[in-house]
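Q: Below is the sequence, then the predicted model.
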Amino acid sequence: MSDSFSLIPLPLVDQRYAQALFNCVQEAGNVEKIERAVEDFLFVLEQNEDLKHFVLSPFFSVKEQIKVMQSVCENIKFADKEAGQIVSNFLRVIAANRRLSAVFGILHAFQRCVARARKQFTAQIISARPLSSQQKQELCETLEGVIGGKVLLHIIVNPTILGGLIIRVGASQIDTSLLTKLSSLKLALKKEVS
């Protein structure tokens, strides 16, 4: 089997690289500086369609990928030069290991590692209608009490759920939507009839 082929699922690869970067920078005590440099790089990557296509393309050699990553990082005005160099080196390692196409997932996984270390969590809230400021505050306080950390709300309004909420934090989900309740009732009625 070829060395460039991997049976490891990409989310696991993302997490392994992200955790390795996080462990290194945590030991060095410069998590915040590296986090900022990662944000700077992601901003450039997300704004440049050509660069995005390059990163996602499997058709470039390792040498080309390393050269482009080095060039891109040299042109980014990192707030901290040393942190920028660490991110640049990390990106070259990713490219050398033929994982550049996973760079978005890896760097976002790194951001999640940082947030987890700070006990910060993002809760995705899906509601049928916009929530008031008071509802948001009460929901945030309740979730923080349950989770034991700071919670950032990401609210999505989706009228198709009819009412109630769907709350997702990490791999956990609480679904109190009216749509789900009606679907459950429909299934229960079908079982009764058959």
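A: Cool, got the structure. This is a predicted model, so every value here is computed, not measured.
Q: residue contacts, P11?
A: If you count contacts by Cβ atoms under 8 Å, 6 or more residues apart in numbering, P11 has them with G105, A109. No exception for glycine: its C-beta is placed from N, CA and C like everyone else's.
Q: buried ones in the helix or strand harbouring it?
A: When elements are assigned from DSSP states H and E, P11 belongs to helix 10-28. If you call a residue buried by 16 or more other Cβ atoms under 10 Å, then helix 10-28 has these buried ones: V13, D14, Q15, Y17, A18, L21, F22, V25.
Q: Now do it, average pLDDT.
A: Average pLDDT, helix 10-28: 89.
Q: what's the next secondary structure element after it?
A: Downstream of helix 10-28, the next assigned helix or strand under DSSP H and E is helix 31-47.
Q: any idea where the strands of this protein begin and end?
A: Assigned by DSSP state E, the strands in the chain fall at 120-127, 150-157, 165-169, 172-175.
Q: Check which helices and strands the first one is in contact with.
A: What it means is strand 120-127. If you count contacts as 3 or more Cβ pairs under 8 Å, 6 or more residues apart in numbering; DSSP states H and E, strand 120-127 packs onto helix 133-147, strand 150-157, strand 165-169.
Q: Compare the ones you listed and report which one is nearest to K191.
A: strand 165-169 (24.2 Å; Cβ to Cβ).
Q: re earlier: pipe the buried residues of helix 10-28 into CSV and attach distance to K81 per row.
A: CSV is the format used below for these (distance: Cβ to Cβ, whole Å):
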residue, distance to K81
V13, 29
D14, 27
Q15, 28
Y17, 23
A18, 23
L21, 18
F22, 21
V25, 15
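Q: which one of these is nearest R98?
A: Looking across the buried residues of helix 10-28 and measuring by Cβ to Cβ, the closest to R98 is V13, at 10.6 Å.
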